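[1] Let's see this in three dimensions:
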Amino acid sequence: MQKYETVIGLEIHAELCTKSKLFCHCAYTFGAAANDCTCPVCLGMPGTLPVINKRAVEFAVRAGLAMDCDITSHSKFDRKNYFYPDLPKNYQISQYDMPLCQNGQVTFDFNGERRTVTLRRIHLEEDTGKSVHAEITGDATRSFMDFNRAGVPLLELVSEPEIHSPEEAVAYCRAVKEILEYIGVSDCNMEEGSLRCEPNLSLRPMGSQELGTRTEIKNKNSFQELLDAMQYEVQRQTRILDTGGEVVQETLLFDASTGKTAAMRGKEEADDYRYFPEPDLVHVQIDADWLDELQPMLPELPAARRERFIADYGISTENAEFLTATRPLADFYDEAARLSGEPTACANWIMGDISRLLNAAEIDIPDAKVTPAHLSELIQLINDATISGKIAKTVLDDAFETGKMPKEIVKEKGLSQITDTSEIEAIVMQVVEEHPGPAQDYRDGKKKAIGFLVGQVMRATRGKANPQLVNQILTRVLSGE
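    Sure, this is the predicted structure:
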């Protein structure tokens, strides 16, 4: 029997996609030359003063509304004091006791069940800079500071410790990522560090209500590494407790190459940061009328959209999950299904050939030349027997490359199906005459032999013959009718 219960709380940091930083006018571009996206304010120069970015506050409030939070009418910023090389002011402007959003929830599916995790708070803070370590000569390594990221608005979402496995924690993080992407406040690009997850993990005896000593794993920007790190930490703490030891409260780093966590520093508490109100910023007042304006701006969220797709379009849960993975993909499918009236066919084309083409081109669906109107017209051409399913794949490839509409491509290249029965019959007679062996095999009862003959007819017509007519005519000819 399981001896310990895993308890996990998540801190998720998401960079907001505002045009400028949280307290200055600098625009941040990932990959820009080191320290190019800086000014005296975000570099913490003496005599400079921060000014709150209203758009960042709006994005934080939108996230709170999307996650059913209570929005604080009166909030403030605080100084969080700690001394790291990547912190230009030697303190971080954050929020302590009066966050913008509190008491929310995130609902998601896990192992076929609906789960809801409580959000303790969502608050705004400025991001830090980045340490760059480079080998200069021989074995000598020097560290440099790139402050481009310093001051970028960062949303921190803190859950209650209500998650009980690493796998469930990853499912929760994916749900948060989906919501933030859908409401358009963050691109959540984990490879660029726009979304980072920090699990706080502890074990306790099964049946106990008291929390064990927790450790925190810093800054995981990959769901696979997040999962690996938590799974290892569960094993590590289990070994410690099984041998009578005590887990030390500390902050850990996870090394993906070794698959192990290692101590980074002792885990800080709030007192260690010596929070006090930021004296250079006025308090934030959230007007009720402003909230009434923001609420209708929220799009249909991913969980609700999945349920609607299943109910309205009759697609499977698995297909609905695929088609709602990103808002642009869900928008594309929704529009294509509406235009064509063929939701199942649209789902199959999107998950099949369109996904194939997107992956090969290494682009996302908003960047593709194919639109919902293209897909709707393609399905219409198949349904009215203008082209076959096989020819449709060729047409889609062409449309993806050129952006031309399917009807135009079919007309230009003469791809319409041959539906003239006399023309098809003449080709069938020729194929049967040229391949007497398979024809006789069919007459002798080997019905699968017709497949070869169908293939020869399609080859002779360059795939343009109507496959159903070919089968009907071949069957009639071979049966001597």
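
[2] Spatially nearest residue to residue 428 (excluding sequence neighbours)?
    With sequence-adjacent residues excluded and distances taken as C-beta to C-beta, 6 or more residues apart in numbering, residue 428 is closest to residue 473, at 5.0 Å. Heads up, the C-betas are built off the backbone N, CA and C, glycines and all.

[3] Model confidence at the one you found, what's the number?
    Predicted confidence (pLDDT) for residue 473: 77.

[4] can you tell me the helix or strand for it?
    Taking DSSP states H and E as the definition, residue 473 sits inside helix 467-478.

[5] contacting residues for residue 197?
    Residue 197 sits next to 10, 11, 12, 13, 173, 219, 220, 221, 226 when contact means C-beta atoms under 8 Å, 6 or more residues apart in numbering.

[6] same question but for residue 47, I mixed them up
    Residue 47 touches residue 40, counting by C-beta under 8 Å, 6+ apart.

[7] how close does it sit to residue 346?
    Separation of residue 47 from residue 346 (C-beta to C-beta, to the nearest Å) stands at 59 Å.

[8] same check, this time on residue 359
    18 Å.

[9] The two: who's more crowded?
    Of the pair residue 359 and residue 346, residue 346 is the one with more neighbours under other C-beta atoms under 10 Å, namely 28 against 9.

[10] quick one: contacts for the more buried one?
    Going by C-beta under 8 Å, 6+ apart, residue 346 touches 333, 336, 337, 340, 375, 376, 379.

[11] any chance you could map the helices in the stretch 151-300 of the chain?
    Using DSSP state H, counting those that start in this stretch, the helices of the stretch 151-300 of the chain run over 166-182, 223-242, 288-294.

[12] So what touches the first one?
    Around helix 166-182, the neighbours that count as contacts under C-beta under 8 Å, 6+ apart are 6, 8, 10, 12, 14, 63, 66-67, 106-110, 115, 117, 155, 157, 159, 163, 186-188, 195, 197, 199, 223, 226-227, 230-231, 234, 299, 301-303, 324-327.

[13] Need the mean per-residue confidence for that helix.
    When pLDDT is averaged along helix 166-182, the result is 97.

[14] okay, and for the stretch 1-150 of the chain, where does confidence drop off?
    By pLDDT under 70, the weakly predicted segments of the stretch 1-150 of the chain are 1, 137-139.

[15] any idea where the helices of it begin and end?
    With DSSP H, counting those that start in this stretch as the criterion, the stretch 1-150 of the chain has helices spanning 54-66.

[16] tally of neighbours for residue 369?
    When counting by other C-beta under 10 Å, one arrives at 13 neighbours for residue 369.

[17] quick check, it in a strand?
    No: under DSSP: H, G, I helix; E, B strand; the rest coil, residue 369 sits outside any strand and is assigned coil.

[18] so what's the backbone phi/psi at residue 412?
    Backbone torsions for residue 412, taken as degrees, to the nearest 10, come to phi -60, psi -40.

[19] quick one: contacts for it?
    Contacts of residue 412 (C-beta under 8 Å, 6+ apart): residue 404.

[20] How confident is the prediction for residue 389, by pLDDT?
    As predicted, residue 389 sits at a pLDDT of 86.

[21] Could you verify my assumption that it touches residue 382?
    Yes: the pair residue 389 / residue 382 is scored as a contact, 6.0 Å apart, by C-beta atoms under 8 Å.

[22] where exactly do the strands run in the stretch 151-300 of the chain?
    Ranges of strands within the stretch 151-300 of the chain are 153-159, 195-205, 215-217, 250-255, 260-266, 276-277, 284-285, based on DSSP state E, counting those that start in this stretch.

[23] and these, which is most packed in?
    By mean neighbour count, with neighbours taken as mean count of other C-beta atoms under 10 Å, strand 153-159 ranks first of the strands of the stretch 151-300 of the chain at a mean of 23.

[24] List the strands paired with that one, with their directions.
    strand 4-15 (antiparallel), strand 113-126 (antiparallel) (DSSP bridges).

[25] Let me have these in TSV, extended by mean neighbour count.
    Formatted as TSV, the strands paired with strand 153-159 follow (neighbours: other C-beta atoms under 10 Å):
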stretch	mean neighbour count
strand 4-15	21
strand 113-126	19
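
[26] give me the low-pLDDT residue ranges for the stretch 301-450 of the chain?
    Low-confidence segments of the stretch 301-450 of the chain (pLDDT under 70): 417-420.

[27] can you give me the helices in it?
    302-313, 317-323, 327-340, 343-349, 355-361, 372-383, 389-402, 406-413, 421-434, 436-443, 450-460.

[28] Turn the ones you listed into JSON lines, including distance to residue 209.
    Shown next, in JSON lines, are the helices of the stretch 301-450 of the chain (distance: least, C-beta to C-beta, whole Å):
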{"stretch": "helix 302-313", "distance to residue 209": "30"}
{"stretch": "helix 317-323", "distance to residue 209": "35"}
{"stretch": "helix 327-340", "distance to residue 209": "40"}
{"stretch": "helix 343-349", "distance to residue 209": "46"}
{"stretch": "helix 355-361", "distance to residue 209": "47"}
{"stretch": "helix 372-383", "distance to residue 209": "52"}
{"stretch": "helix 389-402", "distance to residue 209": "57"}
{"stretch": "helix 406-413", "distance to residue 209": "62"}
{"stretch": "helix 421-434", "distance to residue 209": "76"}
{"stretch": "helix 436-443", "distance to residue 209": "74"}
{"stretch": "helix 450-460", "distance to residue 209": "66"}
